[in-house]
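Peer 1: Sequence and computational prediction follow.
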Amino acid sequence: MSSNPGTSMPAETTLLVASLIDAGTAAIRANADALGELDRAIGDGDHGVNMLRGFSAIAEAREAIRALPLSSALEEMGKLLVMNVGGASGPLYGSLLLAMGRAAAGMRPRGRCSRRASRRSRSAAAPTAAKRPCSTF
């Protein structure tokens, strides 16, 4: 696995994060009007505009975010959504990314568990933890 110049992150991780940002931003841009129309049926119709604001903030921070470990990148994207998307959607989608980042922080590439996960799997108090697979990303 090669490293990305200027970062300590493997190139595959920085490419993955950049691809996630690009795909998410493109999807929101392409569907902002439709999201607004759907929201208009039950609310004030600003869901598309709000999501576009949040994903635009993520896109603006793309280069800094892609240099982070995956877990930190997900958390940073979540924070940006919480801070930039209005209504309940910012905290809702932002919390999803924050939780995904926290979950990813306990995982290690190439199938190796973190020390915490390894201790948990050996613990008699957590017999089901041994059945959970480690990350293979």
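Peer 2: Arrived safely. Numbering: from 1, shown residues only.
Peer 1: Show me where this structure has its helices.
Peer 2: 11-42, 47-60, 62-66, 70-84, 89-105, 115-122 (DSSP state H).
Peer 1: Using the record's assignment, carve this structure into domains.
Peer 2: 11-105, 111-137 (automatic domain parsing).
Peer 1: Buried deepest among the ones you listed, which one?
Peer 2: Of all the domains of the chain, domain 11-105 carries the top mean neighbour count, a mean of 17, counting by mean count of other Cβ atoms under 10 Å. Placement of C-beta: from N, CA and C, glycine included.
Peer 1: avg pLDDT for that domain?
Peer 2: In this model, domain 11-105 has an average pLDDT of 96.
Peer 1: tell me how far the ends of it are from each other?
Peer 2: Length of domain 11-105, first residue to last, Cα to Cα, to the nearest Å: 18 Å.
Peer 1: residues in contact with the nearest residue in space to residue 31 that is not next to it in sequence?
Peer 2: Leaving aside its sequence neighbours, residue 31 sits nearest to residue 48 (Cβ to Cβ, 6 or more residues apart in numbering; 7.1 Å). With contact set as Cβ atoms under 8 Å, 6 or more residues apart in numbering, residue 48 has these partners: 28, 31-37, 39.
Peer 1: Make TSV from the residues you listed and add distance to residue 91 to it.
Peer 2: Converted to TSV, those look like this (distance: Cβ to Cβ, whole Å):
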residue	distance to residue 91
28	17
31	21
32	20
33	24
34	22
35	17
36	19
37	23
39	16
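Peer 1: Run through the residues that contact the nearest residue to residue 87 once chain neighbours are set aside.
Peer 2: Counting by Cβ to Cβ, 6+ apart, residue 50 is the residue found nearest to residue 87 once chain neighbours are left out, at 6.1 Å. Shown in contact with residue 50 (Cβ under 8 Å, 6+ apart): 85-87, 89-90.
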